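*Asks:* Return atomic coordinates for the entry below.
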Amino acid sequence: MRNRARQSTSLSLVLLILLTLAISSCRTFRPVDSRPANPRGYELTLILLSFDGWRWDYHTKAPTPNLRRLMARGTTVERLIPVFPTKTFPNHYTIVTGLYPEHHGIVANSMRDPVTGLSFSLRDRQAVEDARWWRGEPIWVTAQRQGQRAATMFWPGSEAPVGGVRPRYWKRFDAALPNQARVDQILAWLDLPASERPTFIAGYFSDTDQAGHHAGPSSAEVRAAIVALDRILGRLLDGLEARRLLDVVNVAVVSDHGMTDVRSDRRIALDAFLDLDTVDVVDVGPNLGLTPRTANVDDVYRPLANAHPHLHVFRRAETPAHWHYRDNPRIPPIVGVVDEGWQLLPSLPRTRPAQPVTFGTHGYDPAVVSMHGIFVAAGPAFPRGVQLAPFESVHLYNALTATIGLSPAPNDGDPDTAQLLLAAKRPRE
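*Replies:* Predicted structure coming up:
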């Protein structure tokens, strides 16, 4: 009897130990599926991805199942109209401030400030991180000032303490960082505890812009870049789905501008009409910025006014009204633009290819349709399956701030257009 009692006691003890270990194991180790059981607290979250140089029609040029997946679940702007000049930095900063370049100060990728005497280039690390260049209030500053947290991955302007404020989390631009790692960082930010988690996250990807410049928008290289970025979007969407957040957070994909083909035999040389020693060529390409050195503005303007049928030159105060490109001293005294498909150079190269070479560029008048980009957004703030008529990117800031419950800073956008984006009705079936 004692042996049986001892055996029974031993068996009970073993079972108790095993039960204790099992309970302890459940408390100590997270299950393989580590998705949050309750995704509440993510509702006011916006992930904004920039696909640099993604033209408005690129989703028709190559398979884009993930972008189409986003389109089906949300709202699509038929064409997003950029601001002048249709370049990377001015347009990225317009998207997040709701200001035209004449008001936010980033009037070109390369510029000079006659007040400070400083020069700016997107490749100049010191200038890019100098807050004196960046005016207005980008959405990450709006978020931080109103008690939310923001995170940015390479968005132009986010590396400078604008108004003395940086995003809670930000990354210095590193072109070598793989796109997969960028998405994984975005997802890692979402995995932070609620007290540390950002409500606004921005990411930047440049594949389509680089491929477009190198080979032109109709090239196999661009089609490959389209497919690659669509897969990156898929990686993000799959990560959200794994966390049960796909229908909880807002995801928007935007581009700063489009792209058009340019041939090497469609070039205009400035030195054919002008002594380059008399001017500073501040900007050149599809668009032109000149500051006279020794001559007055009219002496430089006159020989260029009718120099070439595909070149259009203006004094700063006379630029087209739809450019909104007059009211800033950083805008050069003489501004120009060439027709689509043409390129402006200080002088022509001495050697030229036997056959014309095709490549791609942007920077033309915003009215040129090939300069138009995309905006696609899905999530609780955006109606499903809706397509809106084209509108300017300057109107996005008001919609983006509303998405995460922020009061917008003063801006140039139309609140009614923003409301249209958020309150569009699903078409009748």
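*Asks:* Near residue 306, how many residues? Count them for me, please.
*Replies:* By other CB atoms under 10 Å, the residues close to residue 306 number 10. C-betas here are computed from N, CA, C, even on glycine.
*Asks:* how is the chain carved up into domains?
*Replies:* Domain ranges of the chain: 46-261+366-423, 266-351, per automatic domain parsing.
*Asks:* For residue 357, find the nearest of those.
*Replies:* The minimum distance between residue 357 and the domains of the chain falls on domain 46-261+366-423, with 9.5 Å, by CB to CB.
*Asks:* just how off-centre is that closest one within its chain?
*Replies:* In terms of CA atoms, centre = their mean, to the nearest Å, the centre of domain 46-261+366-423 is found 3 Å from the chain centre.
*Asks:* pLDDT averaged over it - what is it?
*Replies:* For domain 46-261+366-423, mean pLDDT is 97.
*Asks:* Dump the domains of the chain to TSV, plus distance to residue 359.
*Replies:* Listed next are the domains of the chain as TSV, based on distance: least, CB to CB, whole Å:
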stretch	distance to residue 359
domain 46-261+366-423	6
domain 266-351	9
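*Asks:* out of those domains, nearest to residue 358?
*Replies:* Per CB to CB, nearest to residue 358 of these: domain 46-261+366-423, 4.8 Å.
*Asks:* tally of neighbours for residue 231?
*Replies:* Residue 231 has 16 nearby residues by other CB under 10 Å.
*Asks:* and it, that's in a helix?
*Replies:* Yes: looking at residue 231 with DSSP: H, G, I helix; E, B strand; the rest coil, it is inside a helix.
*Asks:* could you measure it against residue 150, distance?
*Replies:* 26 Å (CB to CB, to the nearest Å).
*Asks:* ditto for residue 386
*Replies:* Residue 386 is 27 Å from residue 150, by CB to CB.
*Asks:* Next: residue 418.
*Replies:* 19 Å.
*Asks:* more crowded one of these two?
*Replies:* Between residue 418 and residue 150, counted using other CB under 10 Å, the more crowded position is residue 150 (27 against 23).
*Asks:* neighbours around the closest residue to the more buried one other than its chain neighbours, how many?
*Replies:* Nearest residue to residue 150 in three dimensions, chain neighbours excluded: residue 140, at 3.6 Å (CB to CB, 6 or more residues apart in numbering). Residue 140 has 29 neighbouring residues, counting by other CB under 10 Å.
*Asks:* Residue 140 against residue 153, yeah?
*Replies:* No: Residue 140 is beyond contact range of residue 153, at 11.3 Å (criterion: CB atoms under 8 Å).
*Asks:* Determine the residues that are contacts of both of the two.
*Replies:* When contacts are counted by CB atoms under 8 Å, 6 or more residues apart in numbering, residue 140 and residue 153 are jointly contacted by residue 202.
*Asks:* Residue nearest the middle of this structure, spatially speaking?
*Replies:* Against the mean C-alpha coordinate of the chain, by CA atoms, centre = their mean, the closest residue is residue 50 at 3.3 Å.
*Asks:* Assign that residue to one of the three secondary structure states.
*Replies:* Following three-state DSSP, we place residue 50 in the strand state.
*Asks:* That one contacts residue 92, correct?
*Replies:* Yes: contact status for residue 50 versus residue 92: in contact at 6.5 Å, counting by CB under 8 Å.
*Asks:* intersection of neighbour lists for those two?
*Replies:* 155, 204, 256.
*Asks:* Who wins on neighbours among these?
*Replies:* Counting by other CB under 10 Å, top hit in the shared contacts of residue 50 and residue 92: residue 256 with 29 neighbours.
*Asks:* so it makes contact with residue 375?
*Replies:* No: Residue 256 lies out of contact with residue 375 (CB under 8 Å); the separation is 10.9 Å.
*Asks:* joint contacts of those two?
*Replies:* In contact with both residue 256 and residue 375: residue 393, using CB under 8 Å, 6+ apart.
*Asks:* Where do the helices of the stretch 101-250 of the chain begin and end?
*Replies:* Taking DSSP state H, counting those that start in this stretch to define them, one finds helices in the stretch 101-250 of the chain at 101-104, 125-128, 139-145, 179-190, 207-215, 220-242.
*Asks:* how about those helices in JSON lines, adding distance to residue 357?
*Replies:* As requested, the helices of the stretch 101-250 of the chain are exported to JSON lines (distance: least, CB to CB, whole Å):
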{"stretch": "helix 101-104", "distance to residue 357": "31"}
{"stretch": "helix 125-128", "distance to residue 357": "31"}
{"stretch": "helix 139-145", "distance to residue 357": "40"}
{"stretch": "helix 179-190", "distance to residue 357": "28"}
{"stretch": "helix 207-215", "distance to residue 357": "10"}
{"stretch": "helix 220-242", "distance to residue 357": "14"}
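*Asks:* Over to residue 338: give its phi and psi.
*Replies:* The phi/psi pair for residue 338 (degrees, to the nearest 10) reads phi -110, psi 170.
*Asks:* hey, what's it bridged with?
*Replies:* Note on residue 338: beta-bridge partners by DSSP bridges are residue 311.
*Asks:* So it sits against residue 311, correct?
*Replies:* Yes: between residue 338 and residue 311 a contact is recorded at 5.4 Å, counting by CB under 8 Å.
*Asks:* neighbour-wise, which of the two wins?
*Replies:* More crowded of residue 338 and residue 311, by other CB under 10 Å: residue 338, with 24 against 19.
*Asks:* Next, work out how far apart the more buried one and residue 268 are.
*Replies:* 6 Å.
*Asks:* Next, show the common contact partners of these two.
*Replies:* In contact with both residue 338 and residue 268: 310-311, 344, using CB under 8 Å, 6+ apart.
*Asks:* can you put those in TSV and add pLDDT?
*Replies:* Shown next, in TSV, are these (pLDDT from 0 to 100):
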residue	pLDDT
310	98
311	98
344	96
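*Asks:* Closest one to residue 87 out of the residues you listed, please.
*Replies:* Checking the shared contacts of residue 338 and residue 268 one by one against residue 87 (CB to CB), the nearest turns out to be residue 344, at 14.0 Å.
*Asks:* Can you check my assumption that that closest one lies in a strand?
*Replies:* Yes: counting by three-state DSSP, residue 344 falls inside a strand.
*Asks:* Return the residues in contact with it.
*Replies:* 267-268, 270, 284-288, 311, 336, 338.
*Asks:* From those, pick the one nearest residue 349.
*Replies:* For those, the nearest to residue 349 is residue 267 (8.8 Å; CB to CB).
*Asks:* Stretch 201-217: end-to-end distance?
*Replies:* Its start and end residues considered, stretch 201-217 measures 29 Å (CA to CA, to the nearest Å).
*Asks:* What sits closest to residue 398 if chain neighbours are left out?
*Replies:* Nearest to residue 398 is residue 418, by CB to CB, 6+ apart, at 3.5 Å.
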